Every structure is written in C-alpha cells, then in structure tokens.
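Participant: model this:
(one chain, ligands or ions: 1)
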Amino acid sequence: MTLNRLRAGLAMVAFCAAAPAWADDVVTVGLIVPMTGPSASTGKQEQAGANLYIQMHGAAVAGKTIALVVKDDTGAPDVTKRLAQELITNDNAKALMGFGLTPLALAVAPIATEAKVPEIVTAAATAMITEKSPYIVRTSFTLPQAAVPMAEWCLKNNIHKVVTLVTDYGPGGDAEKWFSDVFVKGGGTIVEKIRVPLKNPDFAPFLQRVNDDAPEALFVFVPSGQGAALMKQFNERGLDKAGVRLIATGDVTDDDQLADIGDSAIGVVTTHHYSAAHDSPENKAFVEAFEKANGGMRPNFMAVAAYDGMALLYQALEKTKGSTDGDALIGAMKGMSWMSPRGPVSIDPDTRDIVQTIYVRKVAKVGGALFNVEFASTPAVKDPYKASKN
Ligand code: PHB
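Facilitator: Next up is the predicted model:
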C-alpha cells in the first residue's frame, strides 16, 4: 500500500468515526451563548437550563436523539454569526438556541432564514427580534411585556413623578418607551430619561442626576448581570434614604444576583415573567432539580427560558414525528402551549413570540434567603409592541 493510499484510508476511517454526528437519528442543537465576559452568567444559566431539560426528559424524542452542542460567543456578534454558520455547515445542526444579547440574536437572523433552521431565542428580549426572520421563535420575553405592567402598577399606587434609567441599546429603548408611554397616558410625569452605556457602565454620575431630579421613583432596566452593581450604587448614593423608590423590570433583581445585592434589595417592586419563588408544583420540581444538578445554583429567568426552549423543540419534534425540516418545525411550534415552571405559556402563532403571565413581585426574605415574591399577576400577556401594530 502506498503512503498516499494509506493516508486516504485513514482519512476514511476518521470520516466514519465522525459519522454519528451526521447520522439521521441524531438531532444536533447548537446553544450559542456568552460563557465568558460580562454576560457569562447568562451562558451558565442557559446551559444549565437546557441540560436539565434533557436530563429530566431523556435525550430520546420521536425516534431521534438530541445532541446539545454549547458554543461560547463571548458576547461578540461576529463570533455568534461564525459559530451559527459552522454549526449548520459542519455539525449539521437542525436548531440553534440561546443569544444572550439582542445584537447576538440579530446577527444570526439572516443565517436562519437562508438555511431554514429554527432560531430559538431563549435570552434576548428586544420586541422586534422575531420580525427579523420567519424562522425565529422566542421563549424568553419582551421588554414591553415586562415594562407595561410596571407602569400600570405605578399608576395604581400613587406614583406620579418618575425618572427612567435604561441601558442604551434595543431592550433599554423598549423598556423606556413602553414604560413612559403607558405612564404618561395614565397621567404620570417623566422628569428625565437617562441612558447608560452597555459596556462597563459607571452608574454613579447618572444616579447623581437622579438625585438632583428628586423623583418619587426611578424606573430601571439593565441587562441580566448588571443589577447588583446598579443597586449597590443606588444605595451608596443615598437615593433610598432620599426617598426615591426603585422600581424595575425583573432583570435588575435577577435571581442569580439577589444574594449579591443583599438586604438593601428588600421591598423593591419589579415586574417579570419568572421568579425562582413561583409557587407551583412544576416550579418546585424545576428549582429542586436545577439546584441539585448545579451545586446549589439558583435558576434565573435565563435558565427557565432555555429549559422551555428545549421543551418547545421536543414538542415540535413529537408533532413532526421526528422530521427536522425547518418549515415543519416552525409550523409545529406556532400555537404550541405548555405548562412552564413560570406558569402557563404559549407561542403566538402570528408573531412567534411567547405569551405568558407577567407577575408583580416584591423582594423579601423567605427562609433566610432573598426572593422575588409574586403578589399580583396578569395572565396571557402578548408582546404589546406587536399587538399595537395589528
Ligand atoms: C437583550 O440584550 O435583549 C437582553 C439581555 C439581558 C436581559 C434582557 C434583554 O436581561
């Protein structure tokens, strides 16, 4: 045998060894998330949430075996895009999941459209994302979904003068617009709208402006991972003692960060779709299994969205009887409803966004630890941005 023929033979063996990844019965799912950098907590929570679903339900579904491949995009959109391309071309991925920040989800939209591969957004939350490809479906939330009930709560609770402070990119713009519009329409006054940079924010000078404005409340959106820094600086500046009430979307009192924030968070009212303290048998089982599988780590809203992203894919595969055709999968996902650890959810067949209960919660100590304790709720909330266009 010549050396060349030997080399060719070895290459063949290597190809065959790699073949199981391409085998018809394996469905490769690419989870692309930031595992390093400022949004690393999102990656960690998403990976744990997706893995837990597979662990609890088994890797077999509709005659197929699910293989989850996790990729770290470090939070850089060009990396997200390259990883999505590689997962589809080299790994034959039949679904992509994750996307820890809005620009990362947007970077993949044209690839999902071209390859006809479902892009299940389990983190990013700017309302318009699902309009960027007919193959995008979302199991996280939208900022208008969370911000509108917060404005409604303020109007009912004697808060008239508010300053808004949001991170200056897609979801922050949504939070600012939808909170302000509803609040002003109901008779409230927005004293100032403040935007802070996404990267390495120093909140101190912005909070000084809030102090000078002396509003009754400060409404905040910052992305998951930045809530503890914001709340610490809010208290260090003495805003709490000056009588400024902090209100926010639940991204700020993130379950992953509450212990870090500490007792100064007690009493903060937020609106969101998931709390680890949600009182249901499904959530109790989810939290217990999650903590057991992850060394005591508490799940946050990112973990539950990834868990539900897998739930959605499993149910879609059952419905298509194992077909991984992108159009068939997206068609199956439209209108799907199930019981999530967060409560009842469904996929709006027109917008491919999640429809879910939004809860009003207050931070309180339960059994020695801080939780977002739900005390009011609005069921079956659709994304208000898309509803306003119809
Ligand atoms: C987003 O970039 O869309 C995003 C990230 C983290 C959040 C919410 C929205 O907590």
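Participant: tally of neighbours for Q145?
Facilitator: Q145: 29 surrounding residues under other CB atoms under 10 Å. Every C-beta, even on glycine, is put in place using the N, C-alpha and C of the backbone.
Participant: correct me, but it touches I358?
Facilitator: Yes. Contact criterion CB atoms under 8 Å: Q145 and I358 qualify, at 6.0 Å.
Participant: can you list the residues of the stretch 251-390 of the chain near the ligand?
Facilitator: Contacts of the stretch 251-390 of the chain with the ligand, taken as CB under 6 Å from any ligand atom, map to D251.
Participant: Shouldn't M56 be within a helix?
Facilitator: Yes. Counting by DSSP: H, G, I helix; E, B strand; the rest coil, M56 is found in a helix.
Participant: Give the closest residue to it in space, chain neighbours not counted.
Facilitator: A289 (6.1 Å; CB to CB, 6 or more residues apart in numbering).
Participant: which residues does that neighbour contact?
Facilitator: L52, Q55, M56 (CB atoms under 8 Å, 6 or more residues apart in numbering).
Participant: helix, strand or coil for it?
Facilitator: Going by three-state DSSP: A289 is helix.
Participant: Return the distance of it relative to the ligand.
Facilitator: Distance, A289 to the ligand, using CB to the nearest ligand atom, to the nearest Å: 23 Å.
Participant: thinking again about what came up before, any chance of the contacts of A289 in TSV, with pLDDT and neighbour count too?
Facilitator: TSV is the format used below for the contacts of A289 (pLDDT from 0 to 100; neighbours: other CB atoms under 10 Å):
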residue	pLDDT	neighbour count
L52	98	22
Q55	98	13
M56	97	15
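Participant: Out of those, the closest to the ligand would be?
Facilitator: Nearest to the ligand among the contacts of A289 is L52, at 19.9 Å by CB to the nearest ligand atom.
Participant: residue contacts, that closest one?
Facilitator: Contacts for L52 (CB under 8 Å, 6+ apart) come out as F286, A289, F290, A293, A303, Y307.
Participant: element containing it?
Facilitator: helix 40-57 (DSSP states H and E).
Participant: Ok, A306 next?
Facilitator: Per DSSP H and E, A306 falls inside helix 301-319.
Participant: How about whatever helix or strand comes next after that helix, which residues are buried there?
Facilitator: Downstream of helix 301-319, the next assigned helix or strand under DSSP H and E is helix 326-333. For helix 326-333, burial by neighbour count (16 or more other CB atoms under 10 Å) applies to G326, A328, L329, I330, A332, M333.
Participant: coming back round to it: which neighbours do Q145 and I358 have in common?
Facilitator: By CB under 8 Å, 6+ apart, the residues touching both Q145 and I358 are H273, V381.
Participant: I'd assumed P171 was in contact with R195.
Facilitator: No. Using CB under 8 Å, R195 makes no contact with P171, being 11.9 Å away.
Participant: So if I had to pick from those two, which one is more boxed in?
Facilitator: Counted by other CB under 10 Å, R195 and P171 do not tie: P171 has more neighbours, with 28 against 15.
Participant: Give me the neighbour count for S180.
Facilitator: Neighbours around S180, by other CB under 10 Å: 18.
Participant: Show me what the strand or helix carrying it is packed against.
Facilitator: S180 is part of helix 170-185, with elements assigned from DSSP H and E. Contact here means 3 or more CB pairs under 8 Å, 6 or more residues apart in numbering; DSSP states H and E; on that basis helix 170-185 packs against helix 102-115, helix 143-156, strand 161-167, strand 189-196, strand 217-221, helix 384-389.
Participant: Now distance to Y135 and mean pLDDT too, for the ones you listed, in CSV please.
Facilitator: Below are those laid out as CSV (distance: least, CB to CB, whole Å; pLDDT from 0 to 100):
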stretch, distance to Y135, mean pLDDT
helix 102-115, 4, 98
helix 143-156, 22, 98
strand 161-167, 27, 98
strand 189-196, 31, 98
strand 217-221, 27, 98
helix 384-389, 17, 93
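Participant: which parts of the stretch 101-250 of the chain sit against the ligand?
Facilitator: Going by CB under 6 Å from any ligand atom, the residues of the stretch 101-250 of the chain near the ligand are L101, T102, A124, A125, T126, G170, P171, P223, S224.
Participant: can you rerun that using 5 Å?
Facilitator: L101, T102, A124, A125, P171, P223, S224 (CB under 5 Å from any ligand atom).
Participant: Pick out the most distant pair among those.
Facilitator: T102 and S224 (12.2 Å; CB to CB).
Participant: Compare the two (neighbour count), which wins?
Facilitator: Between T102 and S224, counted using other CB under 10 Å, T102 has the larger neighbour count: 26 against 23.
Participant: Check the residue nearest to M56 and give its pLDDT.
Facilitator: Listed pLDDT for A289 reads 98.
Participant: for the one 5 residues further on, same thing?
Facilitator: Confidence per residue is given as pLDDT, and for N294 that number is 98.
Participant: Now the phi/psi pair for it, please.
Facilitator: phi -130, psi 40 (degrees, to the nearest 10).
Participant: Next, count neighbours for it.
Facilitator: 18.
Participant: Quick one: residues contacting it.
Facilitator: With the criterion set at CB under 8 Å, 6+ apart, N294 makes contact with A48.
Participant: Confirm that G75 sits in a helix.
Facilitator: No. G75 sits outside any helix when classified using three-state DSSP, being coil.
Participant: Could you measure from the residue nearest to it when sequence neighbours are not counted over to the ligand?
Facilitator: Spatially, and ignoring its direct neighbours in sequence, G75 is nearest to P34 (4.0 Å; CB to CB, 6+ apart). According to CB to the nearest ligand atom, P34 stands 10 Å off from the ligand.
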